[in-house]
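Student: Structure for the following, please:
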Amino acid sequence: MEKVYQASNTLEAHSLKGLLASHNIPCLLKGEALSAAVGELPTDVQGVTLWVAPEHIHQARVLLQEYEAQSQTRWVCGHCGEDNAGSFELCWQCQHNRDD
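Tutor: Got it, this is the predicted structure:
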């Protein structure tokens, strides 16, 4: 297994694990138990990391790069005009679909 991503928190790690699983990429999370030690350990060992088998590394990295690129974009809801993060499929304000 090789580390392919350092998540910023447990929620992001589980979301990304689900993303990889949806593409038939088994993933192991490491470091979840360390979140209880926040403030006690250095910050570089507190995050949750995603690990995949060597045969899935390339595909996993491509998906994770697409995730990072999408999270840096923004879109404006055509229904209510609200500014939304690129990772949102629904408007956080009115719940309309991004593509509507």
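
Student: Show me the contact partners of stretch 13-23.
Tutor: Stretch 13-23 has contacts (Cβ atoms under 8 Å, 6 or more residues apart in numbering) with 5, 7, 26-27, 29, 32, 48-50, 52, 56, 59-60, 63-64, 67. Any C-beta I mention is one placed from the backbone N, CA and C, and that applies to glycine too.

Student: Of those, which pair is most distant in space?
Tutor: Largest separation among these by Cβ to Cβ: E32 and Q59, giving 23.5 Å.

Student: Out of the contacts of stretch 13-23, which sit inside strands?
Tutor: Judged by DSSP state E, those include 5, 7, 29, 48-50, 52 as members of strands.

Student: so which of these is the most crowded?
Tutor: L50 (26 neighbours; other Cβ atoms under 10 Å).

Student: is that one in a bridge, and if so with what?
Tutor: Y5, L29 (DSSP bridges).

Student: how about it, what does it touch?
Tutor: L50 neighbours (Cβ under 8 Å, 6+ apart): 3-5, 7, 13, 16-17, 20, 27-29, 60, 64.

Student: Over to W51?
Tutor: 1-4, 27-30 are the contacts of W51 under Cβ under 8 Å, 6+ apart.

Student: if we go to 6 Å?
Tutor: 1, 3, 28 (Cβ atoms under 6 Å, 6 or more residues apart in numbering).
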